[in-house]
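Participant: how would this look folded up:
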Amino acid sequence: MKPMLKYRGGKSRELSEIKKYIPFFEGRYIEPFFGGGALFFDLEPQNAIINDINISLMDFYRGIRNDFLNVKSELKKIQVEYEKNREEFDFLKKTTLKKHVDDKNEAIYYKMRDIFNGNTKSDLQVATVYYYINKTAYSGMIRYNKDGKFNVPYGRYKNFNTEIITKEHSELLKKSEIYSVNYKDIFAMANEGDFLFLDPPYDCVFSDYGNIETKDGFTEDMHRQLAQDFRRLNAKALMVISKTPLIEELYGDMIVHEYDKAYSVNIRNRFKSEAKHVLITNF
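Facilitator: Numbering: from 1, shown residues only. Okay, here's the model as predicted:
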């Protein structure tokens, strides 16, 4: 099963490296930094705990789990309108002499963004709005201004695909407890026999992952605390993270594998397009 969302730091292309180091376990699958959930959807665990500090993100997954039919129905209607608007836009671009052609989908995007930011009331499901924003915002970015408002512009994509959201996703999520709490609270739930997969914010300039809940980033002190907590876990755990001097200092004796990672986006050269990721285990 494929993940439903675009998410910065997603691990879909790294699953072949990660899955080689997953141990046998009979308990629950636990993921404290869920994000796009690539490994979760690939493994399809039958008993899981998933968590992310990003409340809007986890509300999306709750919506797919709890109200799939309504969300899917809303999204399909939006997709029909989106495709109709796009055909009209492409036709006018080819046939009109005007320098500028209005894109009706752009107006819909900014209306949805206002709903997402709480500026406009709507009867649409929260999950519907989140998915639309995720798929149509520029470059799939997540960014908030100083007032806590999502401010990414429209992405001008040709297609808006809702077919990747399936009943199977909903059924899998029904087998999961979904939280939006600090990772420490999730660690406290872990028992011997469970397995934790950790994909925490990296030790880099983009460590907030665009989350309003961590707008100041995942700091060095937070990384040091996470390393201490990781070593105290009483369940088997596997972590993937970008290789940096700090990460080598904190986990050197627990690093079991490293591999090259090529980033597809290099925003204004603020981070390298080539990097190494490391896998860390406590077993």
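Participant: and the helices in the stretch 1-150 of the chain, which stretches?
Facilitator: Chain-ordered helices for the stretch 1-150 of the chain, with DSSP state H, counting those that start in this stretch as the definition, fall at 15-18, 38-43, 55-66, 68-95, 104-116, 126-136.
Participant: helix or strand next in line after the last one, which one?
Facilitator: From helix 126-136 onward toward the C-terminus, using DSSP states H and E, the following helix or strand is helix 167-173.
Participant: check the offset of that following helix from the chain's centre.
Facilitator: Using CA atoms, centre = their mean, to the nearest Å, the mean C-alpha position of helix 167-173 is found 17 Å from that of the whole chain.
Participant: export it as PDB, just CAs?
Facilitator: As requested, C-alpha coordinates have been extracted for helix 167-173 and formatted as PDB (Å, rounded to 0.1, in the frame of the first residue of the first chain):
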ATOM      1  CA  LYS A 167     -10.900   1.900   1.500                       C
ATOM      2  CA  GLU A 168      -7.900  -0.200   2.300                       C
ATOM      3  CA  HIS A 169      -6.200   2.800   3.800                       C
ATOM      4  CA  SER A 170      -9.200   3.400   6.000                       C
ATOM      5  CA  GLU A 171      -9.400  -0.200   7.100                       C
ATOM      6  CA  LEU A 172      -5.700  -0.300   8.000                       C
ATOM      7  CA  LEU A 173      -6.000   2.900  10.000                       C
END
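Participant: how about that helix: buried residues?
Facilitator: 169-170, 172-173 (16 or more other CB atoms under 10 Å). For every residue, glycine as well, the C-beta is placed using N, CA and C.
Participant: likewise stretch 65-82?
Facilitator: The neighbour-count criterion (16+ other CB under 10 Å) identifies 65, 67-68, 71-72, 74-75, 78-79, 82 as the buried residues of stretch 65-82.
Participant: what about it, average pLDDT?
Facilitator: Per-residue pLDDT over stretch 65-82 has a mean of 98.
Participant: which of the buried residues of stretch 65-82 lies closest to G36?
Facilitator: Each of those was scored against G36 by CB to CB, and R65 proved nearest at 15.8 Å.
Participant: any low-confidence regions in this structure?
Facilitator: Counting by pLDDT under 70, the chain shows low-confidence ranges at 204-216, 262-274.
Participant: now do I50: how many residues are near it, please.
Facilitator: Residue neighbour count, defined by other CB atoms under 10 Å, stands at 23 for I50.
Participant: what's across from it in the sheet?
Facilitator: The residues paired with I50 through beta bridges, assigned by DSSP bridges, are E31, I178.
Participant: what separates it from R143, distance-wise?
Facilitator: Look at I50 and R143: by CB to CB, to the nearest Å, they are 24 Å apart.
Participant: again, but for K174
Facilitator: Using CB to CB, we find K174 at a distance of 32 Å from R143.
Participant: again, but for Y109
Facilitator: Distance check for Y109 against R143: by CB to CB, it reads 15 Å.
Participant: again with F60
Facilitator: To R143, F60 is 17 Å away according to CB to CB.
Participant: just A275 next, same as before
Facilitator: Taking CB to CB as the measure, A275 falls 21 Å from R143.
Participant: what of Q225?
Facilitator: Q225 sits at a distance of 26 Å from R143 (criterion: CB to CB).
Participant: in terms of helices and strands, where is the closest residue to L250 other than its chain neighbours?
Facilitator: Nearest residue to L250 in three dimensions, chain neighbours excluded: A227, at 4.0 Å (CB to CB, 6 or more residues apart in numbering). Secondary-structure assignment from DSSP H and E places A227 in helix 220-232.
Participant: past that helix, which element shows up next along the chain?
Facilitator: Scanning onward from helix 220-232 (DSSP H and E), the first element met is strand 236-242.
Participant: give the pairing partners of that next one; include direction for each.
Facilitator: Within its sheet, strand 236-242 is paired with strand 195-198 (parallel), strand 274-281 (antiparallel), according to DSSP bridges.
Participant: and the last one with helix 220-232, angle?
Facilitator: The one in question is strand 274-281. With axes from the mean of the first three to the mean of the last three CA atoms, to 10 degrees applied, the angle from strand 274-281 to helix 220-232 works out at 40 degrees.
Participant: picking up where we left off before, for the strands paired with strand 236-242, which one ends up most surrounded?
Facilitator: When neighbours are counted by mean count of other CB atoms under 10 Å, the highest per-stretch mean among the strands paired with strand 236-242 falls to strand 195-198, a mean of 23.
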